[in-house]
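**Student:** how would this look folded up:
(2 chains)
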Amino acid sequence: MLHIALRQQRGTFTLDVNFTASTPGVIALFGRSGCGKTTLVNLLAGLSQGAQGRIVVDDQVWFDSARGVQVPAEQRHIGYVFQDARLFPHYSVRGNLEYGAKRAPQPPSAARFDEVVDLLGLAPLLQRRPGGLSGGERQRVALGRALLSQPRLLLLDEPLASLDAARREDVLPWLERLRDQLQIPMVFVSHQYDEVLRLATEVLVMDAGRVVAQGDVANISLTPALRAIVGPDAIGAVLDGHIERMDTATGLADVRVGEGSLQLLCTDASVGRRVRVQLRARDIILATVEPQGLSVRNQLRGTLSSISPDGDSDLVEVDIGGGTRVLSRVTRSATQQLQLRPGLVVWVLVKAVSTRGHIFTPETTA
Amino acid sequence: MNWLGEPELAALRLSLDVAGRAVLLNLLPAIAIAWLLTRRRFAGRTLLDAMVHLPLVLPPVMVGYLLLLMLGVHGPVGRWLDQLFGLRLVFTTGGAAVATAIMSFPLMVRAIRLSLEGIDSGLEQAARTLGAGPIDRFVSITLPLMLPGVLAGAITAFAAGLGEFGAVVTFVSNIPGETRTLPLALYAALQSPDGDALAARLALLSFGLGLSGLLAGEILARSLRRWLGR
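**Tutor:** Residues are numbered from 1 along each chain as shown, chains lettered A, B, ... in the order given. This is a model prediction of the structure:
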């Protein structure tokens, strides 16, 4: 369990957060640049001071201003992966990896060292100096260095932000492996929604120094607090499910989400695999009568639960059964013409191809 | 090497001795002060900064005179050194080293400070999160990364120390074999009617020493930087 209650005034900026998140898992701190994410993680790591409140990680109190408790950063055993890697230039990659390992309260065994090297694909880099590494390689070394310090908590502060798209794809799968294969709680700071969707088990949305929403990815994807941050095109329900059936000839997978099922184009997936599907609101069509003769693979009957204006259009939330909700973006004129209102029975149309690139695999095992 | 006679060799040996001792005297205080000035914010920091740089702007003779007042056998510090350790600095090689050290201290602090400012303090933070305490961090991260600066500073200070004149001659006088370093020998030679040839040789020697000192410093610092991967 991670409990953080902190208040800090810095000039005109006030950080004021109070939340509890469960561990292990990946807790994503999500928000725009300048919303206080880095301030928060630096307080969590003990690298900055001057706040009021409490930080408790599992059963250990790291900070309690009321009782004067302030565990120094070097004794918190946090694996902090910085945005800019911060590898030590005068050590080889191996030296960097060993730096944290040697100072761990219980140094990792040689087998564990090899395991981490293997997990992150670092073997070919061991003898090299950080100066000659690419950005993606640096971040992988930084990850390994943090892991080998035997951390109680892994803190990732925008580890992908300094990388271009291709390099990000070099690092993201490694992060997914870490999450799935190690039982270390992770706090992941990001302003990239797709990274959060891929990695997070729990999301804290921050804005102007405060946590404005907290929950699992499915719930967070529906909150209005998120809309201002991700932009109109990324808004949409995120559903966790698993693959029930797979037609290798057509590439169509039956994905079970809650009580319903969706047919989606889903390559390189296998039956039983858990997937996370982002159904972007702009791709979802609504019908008030059951449509006939459409190419659309998915027609789900649901009940309209709410309509809220968002920019130049309306966001319509539909319950497709068992509390599973999806969002659809429709024009105001459509809302009026179809006389959309809460309680109305509607059909939700989802093209199987519309989720291409928006299906993630939160866990590699069922 | 027959053009180098006994007086030149004595002056050369003494110069090397004095400059070397001065660098050793300065090493730790210079690292400490440079670290304080770059990594700590405290009241009086600007004043300390100015004090460190004073020898660059004060007349060397005045520094020598101050040393005489403070460290002379009857001076407040000098008397104390004499009584406790039997240590006399006036008219000794040790005194020449102290005067040289004070004059070259700013050079050393500046070089070390420059390299410290070039070290990303984020690296020290990273070491901290990896479990390194303050001394551990300094020894394993900060010190090795500032080595090029320390080396460059030491060599510059050494080269400058070979030629320190005003403060030395005022504080410890011009005693052959004890305090007559290269520039003092050069001055003495110029004062004597038949010293022209000796003066020329001493001048050439000083020139060569200074130039090779600076070149060696630059080359060493460069290769050290490469070794440190920067």
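
**Student:** and A:Leu204, bridged to which residues?
**Tutor:** A:Leu29, A:Gln214 (DSSP bridges).

**Student:** So, low pLDDT: which residues of the chain?
**Tutor:** You didn't say which chain, so I picked chain A. A:268, A:357-358, A:361-366 (pLDDT under 70).

**Student:** Hmm, no, I was thinking of chain B.
**Tutor:** B:1-3, B:229-230.

**Student:** all strands for it, in order.
**Tutor:** With DSSP state E, there are no strands along chain B.

**Student:** Which residues of it lie near chain A?
**Tutor:** Within chain B, the positions lying close to chain A (C-beta under 8 Å from any C-beta of the partner chain) are B:120, B:122-123, B:125-133, B:136, B:140-141, B:144-145, B:227-230. For the C-beta atoms, the positions are set from N, CA and C on the backbone; glycine is no exception.

**Student:** Helices - which of these land there?
**Tutor:** B:Gly122, B:Leu123, B:Gln125, B:Ala126, B:Ala127, B:Arg128, B:Thr129, B:Asp136, B:Pro144, B:Leu145, B:Trp227 (DSSP state H).

**Student:** Please list the residues of chain A that sit near chain B.
**Tutor:** So chain A meets chain B at A:45, A:47, A:72-80, A:82, A:84, A:86, A:88-90, A:99-100, A:103-105, A:129-131, A:145-146, A:149, A:155 (C-beta under 8 Å from any C-beta).

**Student:** how distant is the top helix by length along chain B from the center of its chain?
**Tutor:** Longest among the helix segments of chain B by residue count, using DSSP H, is helix B:6-39. Distance, stretch centre to chain centre, for helix B:6-39: 3 Å (C-alpha atoms, centre = their mean, to the nearest Å).

**Student:** Then stretch A:189-196?
**Tutor:** Distance of stretch A:189-196 from its chain centroid, counting by C-alpha atoms, centre = their mean, is 6 Å.

**Student:** center of chain A, which residue is that?
**Tutor:** A:Val196 (2.3 Å; C-alpha atoms, centre = their mean).

**Student:** so what's it up against?
**Tutor:** By C-beta atoms under 8 Å, 6 or more residues apart in numbering or on different chains, the contact set of A:Val196 is A:Ala28, A:Phe30, A:Phe188, A:Ser190, A:Val203, A:Val217.

**Student:** tell me, how many neighbours does residue 210 end up with?
**Tutor:** Answering for chain A, as no chain was given. Using other C-beta atoms under 10 Å in any protein chain shown, the number of residues around A:Arg210 comes to 15.

**Student:** Wait, chain B was what I had in mind.
**Tutor:** Neighbour tally, B:Gly210, other C-beta under 10 Å: 15.

**Student:** right, and it touches B:Phe158 too?
**Tutor:** No: when contacts are counted by C-beta atoms under 8 Å, B:Gly210 is not listed as touching B:Phe158 (10.1 Å).

**Student:** hmm, back to that, restrict the ones in helices among the residues of chain B next to chain A to the buried ones and give me that as a PyMOL selection.
**Tutor:** The PyMOL command for the buried members of these (criterion: 16 or more other C-beta atoms under 10 Å in any protein chain shown) is given here:
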select buried, chain B and resi 123+125+126+127+128+129+144+145
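
**Student:** Between which two of the ones in helices among the residues of chain B next to chain A is the distance greatest?
**Tutor:** Between any two of those, the greatest separation by C-beta to C-beta is 26.0 Å, found for B:Thr129 and B:Trp227.
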